[in-house]
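A.B. asks: here is my input, please return the structure:
(one chain, ligands or ions: 1)
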Amino acid sequence: MPDYRVIPSIEQLRQRARVQALEAVHGRRATVDALRSEADAVRVLMQAGETLSEAQAETRIVAAAADRLRQQFSGSLRAVINATGVVVHTNLGRAPLGPGALERVVSVARGYANLEYDLARGVRGSRHGHAEALLTTLTSAEAALVANNNAAAMLLALAALAHGREVVISRGELVEIGGGFRIPDVMAQSGATLREVGTTNRTRLSDYTAAIHGRTAMVLRVHRSNFRIEGFTEQPSLAALAATAHERDLPLVEDLGSGNLVADLAHEPAVAASIAAGADLVCFSGDKMLGGPQAGIVVGRTALVERLRRHPLMRALRVDKLTLAALEGTLLEYVAGRHDDRVPVMRMIRMPASHIASRAQALRERLVKNGWSAEIIAGVSTVGGGSAPGVELPTMLLAVAHDGLGPEALEAQFRALDPPIIARIETDRVVLDLRTVFEDQDEQLARLLQSLENRQHGDHEGHEEPEG
Ligand SMILES: *Cc1c(COP(=O)(O)O)cnc(C)c1O
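C.D. replies: Here you go, the predicted structure:
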């Protein structure tokens, strides 16, 4: 029969300075609950045959309770270090915001703002005016509106312009955009009916014209943002499709997916080019290539944008002040021509492999000094997030190994750090791509990796202490 008297009472534990510190942070009730659970766990251990001294039992209960409380109250949404080299990583929150966007979010969020207030006239204003002037300047469109995301923008466009009528679309563009969301399903919710034309690989102008009749409400073009069709393919140009739609008094709506605002990015069509080619509405995401917050942006003709704005769904799909602040902050960087430096997505896409290599080299030297094996190898980063399919950005990867751990085990240890480091496994090695690691995180990354050594060779019991 184990001697359970070594397990201290909760009241005894509450006299300890360490426990009092926990109570000060987490409150009495949660702390006592955690201590009880961990005392029970120790009792179970002893039942199973483990013998503990009083001091050991106490240390174990308090340390485990502290861990439990930290996990319980740290929130589940956390910052991570993205060392995957996927710039717009959908699983890792897509676009990180730049300093200009963050400053505006903070200044708007910490107090009141003129979200729906007309400062010049002192009367109620509209939230829809924010960001519009910046968007029209950057795309040369007549008008703009912002919805919750691009799927919402599409839903709104279809509901407002094609409810109960038909939308002509090429079979080659009925895409699934990830997470199981398919364009045809979104369209069905809008009350519009799809009229698919052509084949997967070839659709001609005549296929569109043959399908247009009295119940047709619009022609839709969906950018193939996350895949490519190669080989025997055909697709009319956007300009030709727009001209055809206009001859029949129909609007041409384009779902561009990623919203590229600059002309010189080879990988992605620019929004302004679609407007110039005659698209009447163009929808795109705020948090893909544009590098801003989650949002769905619609730019195009004033009369059409107005119809979307007045639709009842607009109220359900509108964005809040934080999104508008982050979006304006991001767009202002483009207007000022500072985006390559101050919009992280753009900065990362443009970062030359030579610069990534020199950062990787510095990290390599530190790790090798500490007994890691680390090697710099050529590789590729990707834009990701349903942008620029097939486009590979040349990069320099740091392939690392440590302590005879297999790649899966090492990669899992990286994920257990605080903050977690998300790495890739490539040809059986863990690789770090510093393209997507912020330069001011290089030091933290190095220290986090070094903390793994201490853990392995130290007397730690596998609890991760925060570092850096
Ligand atoms: C990403 C994408 C969407 C969805 O955009 P969200 O902002 O994620 O809602 C829609 N259409 C295309 C073509 C896309 O690439």
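
A.B. asks: wait, residue 301 sits on residue 282?
C.D. replies: No. Using Cβ atoms under 8 Å as the test, residue 301 is too far from residue 282 to be in contact (10.4 Å). In this view, the C-beta of every residue, glycine as well, is placed from N, C-alpha and C.

A.B. asks: who touches both of these two?
C.D. replies: residue 141 (Cβ atoms under 8 Å, 6 or more residues apart in numbering).

A.B. asks: report the buried residues of the helix or strand in which residue 444 is found.
C.D. replies: Assessed by DSSP states H and E, residue 444 sits inside helix 442-457. Neighbour counts over helix 442-457 (16 or more other Cβ atoms under 10 Å) mark 442, 444, 445, 446, 448, 449, 450, 451, 452, 455 as buried.

A.B. asks: which of the residues in stretch 333-353 are buried?
C.D. replies: Buried, per 16+ other Cβ under 10 Å, within stretch 333-353: 333-334, 339, 342-349, 351, 353.

A.B. asks: how far off centre is that stretch?
C.D. replies: Stretch 333-353 sits 17 Å away from the centroid of its parent chain (Cα atoms, centre = their mean, to the nearest Å).

A.B. asks: then that stretch to PDB, C-alphas only?
C.D. replies: Presented in PDB, the C-alpha positions along stretch 333-353 are these (Å, rounded to 0.1, in the frame of the first residue of the first chain):
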ATOM      1  CA  GLU A 333       1.900  51.400 -49.000                       C
ATOM      2  CA  TYR A 334       1.100  50.600 -52.600                       C
ATOM      3  CA  VAL A 335      -0.100  54.100 -53.300                       C
ATOM      4  CA  ALA A 336       3.200  55.500 -51.900                       C
ATOM      5  CA  GLY A 337       5.200  52.900 -53.800                       C
ATOM      6  CA  ARG A 338       6.600  51.400 -50.600                       C
ATOM      7  CA  HIS A 339       5.000  48.000 -50.900                       C
ATOM      8  CA  ASP A 340       8.100  46.000 -51.800                       C
ATOM      9  CA  ASP A 341       9.600  47.100 -48.500                       C
ATOM     10  CA  ARG A 342       6.600  47.400 -46.200                       C
ATOM     11  CA  VAL A 343       4.200  44.800 -47.300                       C
ATOM     12  CA  PRO A 344       5.700  41.500 -46.000                       C
ATOM     13  CA  VAL A 345       4.200  39.300 -48.800                       C
ATOM     14  CA  MET A 346       5.700  41.500 -51.400                       C
ATOM     15  CA  ARG A 347       9.000  41.800 -49.600                       C
ATOM     16  CA  MET A 348       9.200  38.000 -49.200                       C
ATOM     17  CA  ILE A 349       8.300  37.300 -52.800                       C
ATOM     18  CA  ARG A 350      11.000  39.700 -54.000                       C
ATOM     19  CA  MET A 351      13.700  38.600 -51.600                       C
ATOM     20  CA  PRO A 352      16.700  37.400 -53.600                       C
ATOM     21  CA  ALA A 353      18.000  33.900 -53.000                       C
END
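
A.B. asks: anything in it near the ligand?
C.D. replies: No. Figure legend: stretch 333-353 not in contact with the ligand (Cβ under 6 Å from any ligand atom); closest approach 13.9 Å.

A.B. asks: now that stretch: mean pLDDT?
C.D. replies: When pLDDT is averaged over stretch 333-353, the result is 97.

A.B. asks: before we move on, back to that, show me what the helix holding residue 444 is packed up against.
C.D. replies: strand 81-82, helix 353-369, strand 421-422 (3 or more Cβ pairs under 8 Å, 6 or more residues apart in numbering; DSSP states H and E).

A.B. asks: how close does the residue lying closest to residue 372 once chain neighbours are set aside sit to the ligand?
C.D. replies: Spatial nearest neighbour of residue 372, excluding adjacent residues (Cβ to Cβ, 6 or more residues apart in numbering): residue 402 at 4.9 Å. Here the criterion is Cβ to the nearest ligand atom, to the nearest Å. By it, residue 402 lies 37 Å from the ligand.

A.B. asks: with residue 98 instead?
C.D. replies: 19 Å.

A.B. asks: with residue 174 instead?
C.D. replies: 11 Å.

A.B. asks: excluding chain neighbours, what is closest to residue 66?
C.D. replies: residue 22 (5.9 Å).

A.B. asks: secondary structure element holding that neighbour?
C.D. replies: helix 17-26.

A.B. asks: same question, residue 304
C.D. replies: helix 302-310.

A.B. asks: elements contacting that helix?
C.D. replies: strand 143-147, helix 150-162, strand 281-285, strand 296-300.

A.B. asks: angle of the third one against strand 143-147?
C.D. replies: Put simply, strand 281-285 runs at 40 degrees to strand 143-147, going by axes from the mean of the first three to the mean of the last three Cα atoms, to 10 degrees.

A.B. asks: neighbours of residue 70, how many?
C.D. replies: 18 (other Cβ atoms under 10 Å).

A.B. asks: what bridges to residue 193?
C.D. replies: Going by DSSP bridges, residue 193 is paired in beta bridges with residue 166.

A.B. asks: quick check: it touching residue 165?
C.D. replies: Yes. If you go by Cβ under 8 Å, residue 193 and residue 165 touch, sitting 7.1 Å apart.
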